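>>> Here is a sequence together with a model predicted from it:
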Amino acid sequence: MFAILVSVLLPATAATPRQRRVAIFFYPWYSTPAVDGEWRHWQQGDASPPQLIASNYYPARGTYSSSDPGVLRAQMAEIAATGVNEVVTSWWGRGSPEDERLALVARAARARGLALTVHLEPYGKRTAASTADDIRYLRGLGVRTFYVYDAERIAADEWSAALTPFGSARLFAHTRLVGWAKRAGFDGIYTYTNADADDFARLCTQAHAAHLLCAPTVSPGFDARRAVGTRLVRPRRNGHAYDAQWCAALRAAPDFVTIASYNEWHEGTQIEPASSTPPGRRGTYRTYAGAYRLTGKAAERSYIGRTALWTKRYRAGVRACPR
């Protein structure tokens, strides 16, 4: 996942209450035969939806289409209820399904008072120059904020040359190399799921010393075994992992906080409600049962509710973590 962030420049210091914003990564890439004529993403990893999907969890709303305005309205209402300010929508280049759905996502987000930003993904043959062209195109559609994932794959001097014309934009690189991000001409960094919470304070201290913005990414866990076969698993620990990430982020004095993710079901980072009674044999899917001592239907929305608690604490300027 690749991303840049563009917006009005803010000073690279600890955020004031007015600036304490929270952004969440959103994936509008799901398709169903009923709405789109085919399965997309649910069928990854040789899965056979709707019974077996490319995730170790099953959505409470079932296998949905990201082209369905009703689904998007419900999702944006859910996101707004958490206190999140910005939706960072995944985008895979002009003409991609995510590009074609951008207007639908924007309409649903703005109807709930959410700012729409764009996550520029690693589409084929992407370069610093093509990314600059993407920014011009998307700004013409009203987008003002962008994130770039895995920015280090392109040389810093190439980024610096390509991004120079965007002096009024805010550009964030997905990297842990603060000095590199400064040389490349970015205005800040974000971590996505590629940094341990223990790194947040160090990264934000280094970023602020370099006059860069710092946007650490919190996540409830990670499990992509069914989608891509990776052995890396970060257990949710009934919500303790999510709390620990939020605690570390708040202690790091971030300029804002990013969340991965609302609905990246393949990687198991989602906070979108997961079914407490998924299809198939018992054990086919995990559930949120036990998270924050909730069970059954109540557990389905456990991470939505917990996110609301943490965004409230962040806006209040709380940096101490509950025992």
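Structure received. Numbers count the residues shown, from 1 in each chain.

>>> only C-alpha atoms for contact and neighbour calcs from this point on.
Noted.

>>> ends of stretch 249-267, how far apart?
21 Å (Cα to Cα, to the nearest Å).

>>> Let me see the mean pLDDT of that stretch.
Rounded to a whole number, the mean pLDDT of stretch 249-267 is 96.

>>> buried stuff in it?
Neighbour-count burial for stretch 249-267 flags 249-267 (criterion: 16 or more other Cα atoms under 10 Å).

>>> Buried residues, stretch 295-315. List them.
Buried residues in stretch 295-315 (16+ other Cα under 10 Å): 297, 299-308, 310-311, 313-315.

>>> Same question for stretch 56-70.
The neighbour-count criterion (16+ other Cα under 10 Å) identifies Asn56, Tyr57, Tyr58, Pro59, Ala60, Thr63, Tyr64, Ser65, Ser66, Ser67, Asp68 as the buried residues of stretch 56-70.

>>> shaky segments in the stretch 151-300 of the chain?
168 (pLDDT under 70).

>>> Helices of that one, start to end?
Ranges of helices within the stretch 151-300 of the chain are 156-163, 178-184, 200-209, 225-228, 240-251, 296-300, based on DSSP state H, counting those that start in this stretch.

>>> So, low pLDDT: which residues of the stretch 1-150 of the chain?
Low-confidence segments of the stretch 1-150 of the chain (pLDDT under 70): 1-18.

>>> what about the strands in the stretch 51-200 of the chain?
In the stretch 51-200 of the chain, the segments counted as strands under DSSP state E, counting those that start in this stretch are 86-91, 115-120, 146-148, 171-174, 188-190.

>>> picking up where we left off before, out of the buried residues of stretch 295-315, which one sits closest to Arg40?
Glu300 (24.0 Å; Cα to Cα).

>>> Quickly note the distance from that closest one to Tyr57.
Relative to Tyr57, Glu300 is positioned 11 Å away (Cα to Cα).

>>> So for those two, which residues contact both of them?
Contact criterion Cα atoms under 8 Å, 6 or more residues apart in numbering; residues shared by Glu300 and Tyr57: Ala274, Ser275, Thr287.

>>> Contacts only, for the second one.
With contact set as Cα under 8 Å, 6+ apart, Ser275 has these partners: Tyr57, Tyr58, Pro59, Ala60, Arg61, Gly62, Thr287, Lys297, Glu300.

>>> how does it look with 7 Å?
Each residue near Ser275 by Cα atoms under 7 Å, 6 or more residues apart in numbering is listed here: Tyr58, Pro59, Ala60, Thr287, Glu300.

>>> could you dump the residues you listed to CSV with distance to Thr127?
Below are the contacts of Ser275 laid out as CSV (distance: Cα to Cα, whole Å):
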residue, distance to Thr127
Tyr58, 36
Pro59, 35
Ala60, 38
Thr287, 40
Glu300, 40
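
>>> Angles on the backbone of Ser31, please.
phi -130, psi 150 (degrees, to the nearest 10).

>>> residue contacts, it?
Contacts for Ser31 were tallied using Cα under 7 Å, 6+ apart; they are Glu38, Trp39, Arg40, Tyr64, Ser65, Ser66.
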